[in-house]
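[1] Structure here, sequence nowhere to be found:
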């Protein structure tokens, strides 16, 4: 049982290493696997945090209040990241936890920035959301029924209502997909930029002046 528990803990640590360190600094196969579920969960998490702030006017763990100090801290952590991570496998366990904590803080700041970008785009106040939805539905149905007004009898109205309803459903689905995909894309862009910076510092500085064996 002890061996099994240790194996599970090691597997969890390997997962966190692959998730936060990336393929340049970790020796796990995290980057070689597909993580569509993780991508979707991240988008849903971002949406839930943004929706809570939108509906209740309060932040969750300060997420959504990204400011100048947060931006300065984020840039500092991103710049220092390669010089923190390259010794990861030579660190004691507590040192590894600190490094993973630093990378988790970077992810927190990315989430904070993403929510801070999304919230101003929600121009309709939460109190007016129901009215906005009803007006949008009525205008869409009216537009489509007018398009089919020249057809024969009440059947044209039915076609217009069905077409308008389909349009509304498709738009809702597109909004939901965008709400999940956009936060994930923002995070992937951050990961790509961080990887490029880490690779550059590794080639130009770390490998030349700080040779380290794992």
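    Received it, and whenever you're ready, just let me know what you need. Treat the numbers as computed from the prediction; the structure is a model and nothing was measured. Residues are numbered from 1 along each chain as shown.

[2] roughly how far apart are the residue nearest to residue 179 when sequence neighbours are not counted and residue 180?
    Excluding the flanking residues, the one nearest residue 179 by C-beta to C-beta, 6 or more residues apart in numbering is residue 47, at 5.0 Å. The way it works is simple: take the backbone N, C-alpha and C, and place the C-beta from them, glycine included. When distance is defined by C-beta to C-beta, to the nearest Å, residue 47 is 7 Å away from residue 180.

[3] what's around residue 77, how many residues?
    By other C-beta atoms under 10 Å, 16 other residues sit near residue 77.

[4] roughly how far apart are it and residue 66?
    Residue 77 is 14 Å from residue 66, by C-beta to C-beta.

[5] Could you name every residue contacting both of the two?
    residue 109 (C-beta atoms under 8 Å, 6 or more residues apart in numbering).

[6] rewinding a little: list the contacts of the residue nearest to residue 179.
    Contacts of residue 47 by C-beta under 8 Å, 6+ apart are 179, 180, 183.

[7] Ranking by neighbours, what's the top pick from the residues you listed?
    Result: residue 183 is most packed of the contacts of residue 47 (other C-beta under 10 Å), 25 neighbours.

[8] check which helix or strand covers that residue.
    Assigned by DSSP states H and E, residue 183 belongs to helix 153-201.

[9] continuing past that helix, what's the next helix or strand?
    Following helix 153-201 toward the C-terminus (DSSP H and E): helix 207-209.

[10] Who are the packing partners of that next one?
    Packing partners of helix 207-209 (3 or more C-beta pairs under 8 Å, 6 or more residues apart in numbering; DSSP states H and E): none among the helices and strands.

[11] what's the distance between the residue lying closest to residue 113 once chain neighbours are set aside and residue 168?
    Excluding the flanking residues, the one nearest residue 113 by C-beta to C-beta, 6+ apart is residue 66, at 4.8 Å. Computed as C-beta to C-beta, the residue 66 to residue 168 distance reads 33 Å.

[12] next one: residue 36
    For residue 36, the distance to residue 168 - C-beta to C-beta - is 27 Å.

[13] Residue 177 now?
    Counting by C-beta to C-beta, the gap from residue 177 to residue 168 is 15 Å.

[14] Comparing those two, which residue is more hemmed in?
    A count of neighbours by other C-beta under 10 Å puts residue 168 above the other of residue 177 and residue 168, at 16 against 11.

[15] Good, wrapping up.
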